[in-house]
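Trainee: below is the sequence, then the predicted model.
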Amino acid sequence: MDEQALLGLNPNADADFRQRALAYFEQLKISQDAWQVCAEALAQSIYSDDHIKFFCFQVLEHQVKFKYSELTEVQQQLIRETLITWLQAQMLNPQPEKTFIRNKAAQVFALLFVTEYLTKWPKFFFDILSVVDLNPRGVDMYLRILMAVDAELVDRDVVHTSEEARRNTLLKDTMREQCIPSLVESWYQILQNYQYNNSELTCQCLEVVGAYVSWIDLSLIANERFINILLGHMSVEVLREEACDCLFEIVNKGMDPIDKTKLVESLCQVLQSAGLFSIDQEDDVDFLARFSKLVNGMGQALIASWTKLIKNGDMKSAQDTLQAIEAKVALMLQLLIHEDDDISSNIIGFCYDYLHILKQAIMLAVMKKLTYDEEYNFENEGEDEAMFVEYRKQLKLLLDRLAQVSPELLLASVRRVFNTTLQNWQTTRFMEVEVAIRLLYMLAEALPVSHGAHFSGDVTKATALQDMMRTLVTSGVSAYQHTSVTLEFFETVVRYEKFFAVEPQHIPTVLMAFLDHRGLRHTSPKVRSRTAYLFSRFVKSLNKQMNPFIEDVLNRIQDLMELSPPENGYQALLSSDDQLFIYETAGVLIVNSEYSAERKQVLMRNLLTPLMEKFKVLLEKLVMAQDEDRQMALADCLNHAVGFASRTSKAFSNKQTVKQCGCSEVYLDCLQTFLPALSCPLQKEVLRSGVRTFLHRMIICLEEEVLPFIPSASEHMLKDCEAKDLQEFIPLINQITAKFKTQVSPFLQQMFMPLLHAIFEVLLLPAEENDQSAALEKQMLRRSYFAFLQTVTGSGMSEVIANQGAENVERVLFTVIQGAVDYPDPIAQKTCFIILSKLVELWGGKDGPVGFADFVYKHIVPACFLAPLKQTFDLADAQTVLALSECAVTLKTIHLKRGPECIQYLQQEYLPSLQVAPEIIQEFCQALQQPDAKVFKNYLKVFFQRAKP
């Protein structure tokens, strides 16, 4: 060898020598026989310089790696013998070789193994073992060679060609067959021999076991003798880190989930009894970092087992595994909060996976607990059933919360349960089918979107929901013979109505389900009733998509709209409340159709004419009826007829839409048909209520076309009134006043005092002291009366009041003052102050009615002080504060209209009469003169808080 060039191998050599050494190495690599010189140098220990020895191994490595096939068999044999000779020499040398030389030698051994094991050197490991026996230096090399072999075969950081990958697989398979059991036995012997006297070799051996366990038969390692020796090492300070890593690899090995759980649990029991589960912040952090990684591996292994067991449907074993996982949570948290970040970060995988299965476990539990039990009585729901319904609501909230945390998991879980159940719904118990559909229904609120747009946006979610809805409507599950399933089907179809915009081909299928024995003609009244409402919602939501089916649907629901006469004990399929929805649906179908106005008019007349004809007949029968029960039954039936007609008009939003559909005339006919009922002396309350509701609707739909009918209707409705009648009549007058304003001024002036007389008459009726119901009715009527006055004044028609004659005007004004001050009803008080401030605004100027200015100072100003000073005026109550706010507006309006005169009156006359201190009077008047109304409102509250004892 070129001795001069070899000098450059020393790290301390100068650059020229180093450059020469590099060139010499390149020269030797391409030389035919240079490797033999190096082999001889190694075999005969010619050089003592470590860098030259390393250099020789590098040359050999290059030869084996790139040019081995060029060698003759004799030359290949020479390389084998050289390595074995070098290995034998290691045990005799006075000093061991440097680590970097041993590692390089191990790499060359490994390369030779990969090249020759399958062909020329099948006894590779046995030859090495026979040389090293249990000699510590020999064992050290043996273990390094094993690690180098593992690195060649298994190292995932090295990118292998497909040819190399196939070769490595074959090598591992052959090793498993031929030598692995012997190697494992040698590891056990090494561990036993050196565990107490050579920690370095023991740790090396543990590293080897950890490396090989991932691809050899686990039972060779995961057995009592090996595990016991490893667990023993966990208590030895110098060995425990490596033992931890070794156990981690064992736990990480793929195996049957039940066996894995047993293995982990047996390890945990021993570790726990050894006190390793009690974490002390003072413990060796390097060990705790490894231990944390081990606990993380055990936790994740158990979670992987739980997931497989759930998938396989082995719920008993899954439950056992879940308990094993939960038993590790306290330890996991101890490690997570450890002040050392490495220890904490090593356990995060377990935390994350645990959270995931916790969510899954809760979801599975919620899905299970949502299920009805066999005892649930659907026909006669009592207290137990009500409690279960309430409990279901709580479960729903839990599911909603889970959805916020993990929407994808919830969607996937529901999809799995839904699809599995609906594939075999015919043979599945009703409660399981119901809960599967229920879960789909609940997803809408758990995964909310704006305006029900579940089928656009997020593609994954939209696709999943669309698939489930398609399955729901095409599976035939709507025919399931249980009310809970039927109802859930219809609820879900309506909740996801936007699905039918995406896949309109399913509309006829669902319409038929609504219209036949599954829905509106179901044997259960409960199902029929709910379906009537849902059908109405379904039709309204689909709007234009209903066009092809309108006439067919109208024909099919015709018999369901018959007015049930109280004769012959005829039992209709739907109750009158349910029929309201059917009439509304019919109206919507006609109005939203693409038919001409003429066709719409014909259809609407066909719908309403039978009601009008029946109404006339029934009204005649009512007038003749003697028996009170029969009178009541007939009155109810008449009321239903009016209600049905009212309900059809909900399809219209205003007069314009009624005109466009050509339906004004038919509704005017209805009005003329229904109004005579107001003059019927029997069952007045019921009949008036129905007609009044119809008038409310017609004011919206027909507008001024209704006005000719109002005076006569009002006159009838004011005859023989009770508190409730008046209370319900006033909103009708308010609606007319607010809508038509001056158009109805003559009518209002004419009926103003008759209405007030009727109200005062009822309010003055004596009532028993403890009759709370009568007291409440009077309070509500008083509120309605003040609301009426507010509407009149607020609609710019104060002349209606002004034209009632001085005496009547005064009487009205005093009732308002009385309402503001005397009655402890903050809602009415607020309305009264609104009326007073409006009247002051209209009449309080210099050109107002004669005597009104006096009324302001004598009555309105005092009312603004007397009301808030009352003990019943509770400034802590929100409604009362609103009343005070309007009181402040009244005082501000008086100041605005009367100016300095108002301030002078307060300063010199009124406030001194209340014994208010001069400085407070000054303060009050300054606040009142502030331009910002809010400042005065806030001041007034403080003023009265101070004034009250």
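Mentor: Nice, I can see it.

Trainee: report how many residues lie close to Ser784.
Mentor: Using other Cβ atoms under 10 Å, Ser784 has 21 other residues around it. (C-beta placed from N, C-alpha, C; glycine too.)

Trainee: quick check: chain neighbours aside, which residue is closest to it?
Mentor: Ile730 (4.2 Å; Cβ to Cβ, 6 or more residues apart in numbering).

Trainee: surely that neighbour meets Phe786?
Mentor: No. With contact defined as Cβ atoms under 8 Å, Ile730 does not count as touching Phe786 (9.8 Å).

Trainee: more neighbours: which of the two?
Mentor: The neighbour count for Ile730 versus Phe786, taken as other Cβ under 10 Å, is higher for Phe786 (25 against 20).

Trainee: how near is that one to Gln779?
Mentor: 11 Å (Cβ to Cβ, to the nearest Å).

Trainee: what do the two both touch?
Mentor: Common neighbours of Phe786 and Gln779 are listed as Ala828 (criterion: Cβ atoms under 8 Å, 6 or more residues apart in numbering).

Trainee: which residues touch the residue at minimal distance from the centre of the chain?
Mentor: The residue lying closest to the centre of the chain (Cα atoms, centre = their mean) is Ala446, at 3.1 Å. If you count contacts by Cβ under 8 Å, 6+ apart, Ala446 has them with Leu399, Asp400, Leu402, Ala403, Pro407, Leu410.

Trainee: again, only this time at 10 Å
Mentor: Going by Cβ atoms under 10 Å, 6 or more residues apart in numbering, Ala446 touches 396-397, 399-404, 407, 410-411, 414, 439.

Trainee: the closest residue to it other than its chain neighbours: neighbour count?
Mentor: Nearest residue to Ala446 in three dimensions, chain neighbours excluded: Ala403, at 3.7 Å (Cβ to Cβ, 6+ apart). For Ala403, the number of neighbouring residues by other Cβ under 10 Å comes to 22.

Trainee: what does Glu685 give?
Mentor: 13.

Trainee: same check on Thr420?
Mentor: Neighbours around Thr420, by other Cβ under 10 Å: 12.

Trainee: all numbers from here: first residue = 33
Mentor: New numbering, starting at 33: the last item is Thr452.

Trainee: let me know the helix or strand that it is in.
Mentor: Here Thr452 sits within helix 439-455, counting by DSSP states H and E.

Trainee: in that helix, what counts as buried?
Mentor: Pro439, Leu442, Leu443, Ser445, Val446, Arg447, Val449, Phe450, Thr453, Leu454 (16 or more other Cβ atoms under 10 Å).

Trainee: and Asp372, what's its pLDDT?
Mentor: In this prediction, Asp372 carries a pLDDT score of 89.

Trainee: what's the neighbour count on the nearest residue to it once chain neighbours are set aside?
Mentor: Distance criterion Cβ to Cβ, 6+ apart; nearest residue to Asp372, sequence neighbours excluded, is Val317 at 4.7 Å. Neighbourhood size, Val317 [other Cβ under 10 Å]: 16.

Trainee: show me what contacts Val317?
Mentor: Val317 makes contacts with Ser324, His370, Glu371, Asp372, Asp373, Asp374, Ile375, as judged by Cβ under 10 Å, 6+ apart.

Trainee: 8 Å instead?
Mentor: Residues near Val317 by Cβ under 8 Å, 6+ apart: Asp372, Asp374, Ile375.

Trainee: which one among these gets closest to His83?
Mentor: Asp374 (36.1 Å; Cβ to Cβ).

Trainee: I'd say that closest one and Arg322 touch.
Mentor: No. At 9.7 Å, Asp374 does not count as touching Arg322 under the criterion of Cβ under 8 Å.

Trainee: more neighbours: which of those two?
Mentor: Each of Asp374 and Arg322 has its neighbours counted (other Cβ under 10 Å); Arg322 has more, 22 against 14.

Trainee: excluding sequence neighbours, find me the nearest residue to the more buried one.
Mentor: Cys276 (3.9 Å).

Trainee: equivalent analysis for Arg560, please.
Mentor: His554 (5.3 Å).

Trainee: ok, Leu845 next?
Mentor: Nearest non-adjacent residue to Leu845 (Cβ to Cβ, 6+ apart): Phe887, at 6.4 Å.

Trainee: how near is that neighbour to Val893?
Mentor: 10 Å.

Trainee: Glu239 too?
Mentor: Taking Cβ to Cβ, one finds Glu239 at 98 Å from Val893.

Trainee: ok, Thr689 next?
Mentor: 50 Å.

Trainee: again with Asn575
Mentor: Asn575 is 57 Å from Val893, by Cβ to Cβ.

Trainee: please apply the same query to Gly484.
Mentor: Applying Cβ to Cβ to Gly484 and Val893 gives a distance of 55 Å.

Trainee: give me the more crowded residue out of those two.
Mentor: The residue with more neighbours, out of Gly484 and Val893, is Val893; 21 against 14, by other Cβ under 10 Å.

Trainee: spatially, what comes nearest to that one if we skip its sequence neighbours?
Mentor: In space, Val893 is closest to Tyr942, 6.0 Å off (Cβ to Cβ, 6+ apart).

Trainee: repeat that for Lys924.
Mentor: Ala965 (5.6 Å).

Trainee: what residues are up against that neighbour?
Mentor: Ala920, Val921, Lys924.

Trainee: can you pick the most crowded of these?
Mentor: Ala920 (25 neighbours).

Trainee: what pLDDT is listed against that residue?
Mentor: 97.

Trainee: tell me how far it lies from Glu941.
Mentor: Relative to Glu941, and taking Cβ to Cβ, Ala920 is found at 20 Å.

Trainee: again, but for Thr641
Mentor: 70 Å.

Trainee: between these two, which one's more packed in?
Mentor: Neighbours of Thr641 and Glu941, each counted by other Cβ under 10 Å, are more numerous for Thr641; the result is 14 against 11.

Trainee: what strand or helix carries the more buried one?
Mentor: helix 629-656.

Trainee: name the helices or strands packed onto that helix?
Mentor: helix 608-623, helix 660-680, helix 696-706 (3 or more Cβ pairs under 8 Å, 6 or more residues apart in numbering; DSSP states H and E).

Trainee: I'd like to know which elements the shortest one is packed against.
Mentor: For helix 696-706, the elements it packs on are helix 629-656, helix 660-680, helix 687-692, helix 716-733, judged by 3+ Cβ pairs under 8 Å, 6+ apart.

Trainee: pick out the shakiest of those, pLDDT-wise.
Mentor: It's helix 687-692: among those, that one has the lowest mean pLDDT, namely a mean of 82.

Trainee: name the helices or strands packed onto it?
Mentor: Packed next to helix 687-692, using 3+ Cβ pairs under 8 Å, 6+ apart, are helix 696-706, helix 716-733.

Trainee: can you pull out the strands in the stretch 333-482 of the chain?
Mentor: Using DSSP state E, counting those that start in this stretch, the stretch 333-482 of the chain contains no strands.

Trainee: show me where pLDDT drops low in it?
Mentor: Of all residues in the stretch 333-482 of the chain, none has pLDDT under 70.

Trainee: what of the chain?
Mentor: Looking at the chain by pLDDT under 70, you get 33-61, 313-314, 598-602.

Trainee: who touches Leu479 in this structure?
Mentor: Ala435, Pro439, Leu442, Leu443, His486, Lys493.
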